[in-house]
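Participant: Got a predicted structure here, sequence first:
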Amino acid sequence: MQDPTTPTTTTPTEQELAVIGALRGLRDGLDGIREDVEQILRSGEGDLRALAQEIARLAAITRRAPRTLEPGVGRAIAVTTTELDKARLALDALAETVESRAKARAAKLRTEPAALDAQHLDGALAVHSLRWAWHWAGEAVDIFESEIPF
């Protein structure tokens, strides 16, 4: 009989190793996307729709994560997915606002201050959600690594 005070170790499965690898990659990708969004917000130049599509691709990866993982990891992955969805929606709204402002300028119409406020709010929400998605992806990695020795 094994001594109950002796810690037991389990070897991670291939599926678990794949999940942790995907989460690490996700975190790296989120950092780059957040920097790109911040640069676009500063410069006004860039493809917001392409970034929104990349975020949607990352969210699809988190949705495919197995639900049989340790509960803390599963919760962290679920929150990461939610934050990715919020960031994607904010970027889509921001792209829409930027496009409508560009059309208004081309038609020599006056841009309403509310459009400027919406643009700033959408940009801030996108960056905020990306930061939280990055944080929760890291939480999932930390919890996962604390449960399974690597």
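Facilitator: Structure received. Numbers count the residues shown, from 1 in each chain.
Participant: Going by C-alpha atoms from here, please, whenever you check contacts or count neighbours.
Facilitator: Will do.
Participant: and the one helix or strand in the chain whose mean pLDDT sits lowest, which residues are buried?
Facilitator: Sorting the helices and strands of the chain by mean pLDDT, DSSP states H and E puts helix 113-147 at the bottom, at a mean of 79. Across helix 113-147, burial judged by 16 or more other CA atoms under 10 Å covers 119, 122-141, 143-144.
Participant: now that helix, how far from the centre of its chain.
Facilitator: On the basis of CA atoms, centre = their mean, to the nearest Å, helix 113-147 sits 6 Å off its chain's mean C-alpha point.
Participant: same question, stretch 29-37
Facilitator: 9 Å.
Participant: What are the contacting residues of that stretch?
Facilitator: Stretch 29-37 has contacts (CA atoms under 8 Å, 6 or more residues apart in numbering) with 48, 51, 123, 126-127, 130-131, 133-134.
Participant: Specify which member of the residues you listed is nearest to Ile20.
Facilitator: Nearest to Ile20, judged by CA to CA, of the contacts of stretch 29-37 is Trp134 at 14.0 Å.
Participant: what's the closest one in contact with, if anything?
Facilitator: Contacts of Trp134 (CA under 8 Å, 6+ apart): 26-27, 30-31, 80.
Participant: which residues touch Gly72?
Facilitator: Contacts for Gly72 (CA under 8 Å, 6+ apart) come out as 140, 143.
Participant: quick one, helices of the protein?
Facilitator: Assigned by DSSP state H, the chain shows helices spanning 14-43, 48-63, 71-106, 113-147.
Participant: Can you tell me which of those helices has the worst average pLDDT?
Facilitator: Averaged per stretch, pLDDT over the helices of the chain is lowest on helix 113-147, reaching a mean of 79.
Participant: Thanks again, I'm all set now.
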